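Enquirer: Sharing a model prediction with you, sequence too.
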Amino acid sequence: MGKVLSLHISLERGTVKNNISEIDIVEGWGLQGDAHGGDWDRQVSIFPVEALAKVPLDKQEEVLSDGYTENVTVADLPLAELIPGVVLRLGQAEVEILYVGKEAWKEHGRPYIISREGRFGRVVQGGRVRVGDSVEILER
């Protein structure tokens, strides 16, 4: 079982997200107050910290020093199991992973790894999520 390391939202797309300690995740929408919420297929972005091992040595400092661009940072989950079709329970909420990475990869900052290894999906059950909550894989 994994855990929620951090939570982040931003009021505008394309800006660094602010750290928060807890949030309501709204079914069919995303994180309350986050600019990426809406009726689409990338309502929530999740980043497993284990993917940092895939960052080349010459990019690590840049990636680690840049601001957060994902909504939820998680740990202690096998990357190979975080694939499209999997549903994750994050605290009280459930998110179905629809994509790994983005269509166009970014080359700088934290978006370098998020665009390659971020998990993106839709909220299938809303609920409260807090830093430190457990993360469980429900369906494969």
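Expert: Ah, there it is.

Enquirer: got the buried residues for the top helix by length along the chain?
Expert: In the chain, assigned by DSSP state H, the helix with the most residues is helix 57-65. Buried residues in helix 57-65, counting neighbours by 16 or more other C-beta atoms under 10 Å, are found at Val63. In this view, the C-beta of every residue, glycine as well, is placed from N, C-alpha and C.

Enquirer: Give me the contact list for it.
Expert: Residues outside helix 57-65 that contact it (C-beta atoms under 8 Å, 6 or more residues apart in numbering): Leu52, Val55, His108, Gly109, Arg110, Tyr112, Ile113.

Enquirer: which of those has the most neighbours?
Expert: Highest neighbour count within those: Ile113, with 28 neighbours (other C-beta atoms under 10 Å).

Enquirer: Do a quick rundown of the helices in this structure.
Expert: 57-65, 111-117.

Enquirer: how about those helices in a markdown table, adding distance to Trp29 and mean pLDDT?
Expert: Listed next are the helices of the chain as a markdown table, based on distance: least, C-beta to C-beta, whole Å; pLDDT from 0 to 100:
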| stretch | distance to Trp29 | mean pLDDT |
| --- | --- | --- |
| helix 57-65 | 29 | 93 |
| helix 111-117 | 21 | 95 |
